[in-house]
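Colleague: predicted coordinates and the sequence they were generated for:
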Amino acid sequence: MNRKSFLKRITLGSGLIFAPFVKTESKTRTTPALLRPPRVRQGDVAAIVSPAGNLSTNGEVENAVNAVRALGLQPRLGANVGSRWGYLGGRDTERVNDLHDAFADPEVKVIFPLRGGYGTSRLLPMLDFELITRNPKAFVGFSDNTSLVLSLNAYAGLVTFYGPNAHFDWTNYTRQNLTRVIMNQQPVGLMENPVSGNGRPLLAHTTIVPGRAAGPLIGGNLSLIVQTLGTPWEIDTRGKILFFEDVNESPYRIDRMLTHLWLARKLQVAAGFAIGHITVRRDRNDDLDLASVIRDRFEPLGKPCYMGVPTGHVPNILTLPLGVNVEIDAHRGLLRTTEGAVA
């Protein structure tokens, strides 16, 4: 039995402690050609898997199924959705097998994680990128699923989508932005911010460094981005437009993570920055405000940068396609895709 067959046959009784590290030994980083998944159509099958945390409340699965149906898709639950191993949505092999099964299933056209939480980074050494490259599918998720969105893009070359998990407080804005990105082969163009009933933006932009920049889009949750540093799955920001968001973080912790990226020269080599929503928690009386932290780190770089992208742990979010070329206008707070994300 070869190594790949062995990994696929591992069961809970096998221990698993060493299993993820077996594939790590032979992993090398290359830059694959960009692979656009086939566009999703009304009536397609959508897999719901659980690669991260366990269910925190009753009704999460029902909520996810109903949300996927409201998109005009047919939900299909992974075999291990609802499993639990402490704070995780099942053992590592259960969760990664569901993900692999979804990619291998010819009827499945789009894959949604059930929720975030914690756990996707544990799966990275076990991912079968050859399988995924042979069976490209639209993968949509955010928060802890940053680990998968980034790694699938980096190692399989797959255009992935930083957007809502299946269990989410879906709004019309969120739903419409998802469908126009994954169901439309043409460039979406301007990614417009949500507006209130009187036409005012719900999330106003703040220019940090004015100017325009262009490049492939990359990013995700800031905490998860920083977690990749020093690993084979380290984020590559060279010549790219970097976006990030985070939740329940204090300004000094945001400062620490941005400084980590700066020390790793991930900020210096990026083309520009589009910063999403960051929910701030106050831990200290002498905290700086978030805008001061952002300005202190990004103004010296002199590259176009603005705050106000509707992404993050807020009700109205964009679906952002990773790997696709975009343009930003930091003075006006605009983000525009210049090519389609699906084939």
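Modeller: Now that the structure is in, tell me what you want to look at. Here the structure is a predicted model, which is why all the values come from computation and not from measurement.
Colleague: now the stretch 1-150 of the chain, which segments are flagged as low pLDDT?
Modeller: 1-29 (pLDDT under 70).
Colleague: now do the helices in it.
Modeller: In the stretch 1-150 of the chain, the segments counted as helices under DSSP state H, counting those that start in this stretch are 3-9, 19-24, 60-70, 92-104, 129-134, 146-156.
Colleague: ok, now which ones touch the closest residue to Val68 other than its chain neighbours?
Modeller: Leaving out its chain neighbours, the residue that sits closest to Val68 by CB to CB, 6 or more residues apart in numbering is Pro75, at 4.1 Å. For the C-beta atoms, the positions are set from N, CA and C on the backbone; glycine is no exception. Applying CB atoms under 8 Å, 6 or more residues apart in numbering to Pro75 gives the contacts 45-46, 48, 64-65, 68-69, 166.
Colleague: how about those residues, which pair is most distant?
Modeller: Farthest-apart pair in these is Val45 and Ala64; separation 14.5 Å (CB to CB).
Colleague: the more surrounded of these two?
Modeller: Using other CB atoms under 10 Å as the criterion, Val45 and Ala64 rank with Ala64 on top: 24 against 17.
Colleague: need the nearest residue in space to that one, chain neighbours excluded.
Modeller: Ala166 (3.5 Å).
Colleague: helix or strand: which one has that neighbour?
Modeller: Under the criterion of DSSP states H and E, Ala166 resides outside all helices and strands.
Colleague: how near is it to Leu217?
Modeller: Distance, Ala166 to Leu217, using CB to CB, to the nearest Å: 23 Å.
Colleague: the more surrounded of these two?
Modeller: Higher neighbour count among Ala166 and Leu217: Ala166, with 29 against 24, using other CB under 10 Å.
Colleague: check the more buried one and give its pLDDT.
Modeller: pLDDT, Ala166: 97.
Colleague: now the one 10 residues further on
Modeller: In this model, Gln176 is scored at 96, pLDDT.
Colleague: where's it relative to Leu203, distance?
Modeller: 16 Å.
Colleague: out of these two, which sits in the busier spot?
Modeller: Legend: neighbour count by other CB under 10 Å for Gln176 and Leu203, higher for Leu203 (19 against 11).
Colleague: before we move on, the earlier item: was I right to think the residue nearest to Ala64 contacts Ala67?
Modeller: Yes. Counting by CB atoms under 8 Å, Ala166 touches Ala67, with 5.8 Å between them.
Colleague: buried residues in stretch 235-243?
Modeller: 235-237, 240-243 (16 or more other CB atoms under 10 Å).
Colleague: from the residues you listed, which two are the most distant?
Modeller: Most distant of the buried residues of stretch 235-243, by CB to CB, are Asp236 and Phe243, 14.4 Å apart.
Colleague: related to what we said a few turns ago, which one of the buried residues of stretch 235-243 sits closest to Glu299?
Modeller: Using CB to CB, these come closest to Glu299 at Leu242, 15.6 Å.
Colleague: secondary structure class for the closest one?
Modeller: strand (DSSP: H, G, I helix; E, B strand; the rest coil).
Colleague: grab the nearest non-local neighbour of it.
Modeller: Ala270 (4.6 Å).
Colleague: kindly report the same for Gly215.
Modeller: Using CB to CB, 6+ apart, the closest residue to Gly215 is Ala271 (4.1 Å).
Colleague: ok, Leu55 next?
Modeller: The shortest distance from Leu55 to any non-neighbouring residue, by CB to CB, 6+ apart, is to Gly82 (6.6 Å).
Colleague: got the phi and psi for that neighbour?
Modeller: Note on Gly82: backbone dihedrals following degrees, to the nearest 10 are phi 100, psi -10.
Colleague: residues contacting it?
Modeller: Gly82 touches 50, 55, 61, 89, counting by CB under 8 Å, 6+ apart.
Colleague: any of those buried? List them.
Modeller: With neighbours counted by 16+ other CB under 10 Å, those contain buried members at 50, 55, 61, 89.
Colleague: how about a markdown table for the residues you listed, with distance to Asn135 added?
Modeller: Putting the buried ones among the contacts of Gly82 into a markdown table (distance: CB to CB, whole Å) gives the following:
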| residue | distance to Asn135 |
| --- | --- |
| Ser50 | 20 |
| Leu55 | 27 |
| Val61 | 25 |
| Gly89 | 22 |
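Colleague: which ones among those residues map onto strands?
Modeller: Within those, no residue falls in strands by DSSP state E.
Colleague: could you identify the most distant pair in these?
Modeller: Using CB to CB, the two most remote members of those are Val61 and Gly89, lying 10.8 Å apart.
Colleague: shared neighbours of the two, anything?
Modeller: Shared contacts of Val61 and Gly89 (CB under 8 Å, 6+ apart): 55, 81-82, 114.
Colleague: and the strands in the stretch 101-250 of the chain?
Modeller: Counting by DSSP state E, counting those that start in this stretch, the stretch 101-250 of the chain has strands at residues 108-113, 138-141, 160-162, 206-209, 212-221, 241-249.
Colleague: just put these in CSV and tack on distance to Ile275.
Modeller: As requested, those are arranged in CSV below (distance: least, CB to CB, whole Å):
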stretch, distance to Ile275
strand 108-113, 23
strand 138-141, 20
strand 160-162, 13
strand 206-209, 8
strand 212-221, 9
strand 241-249, 6
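Colleague: I appreciate the help and will end here.
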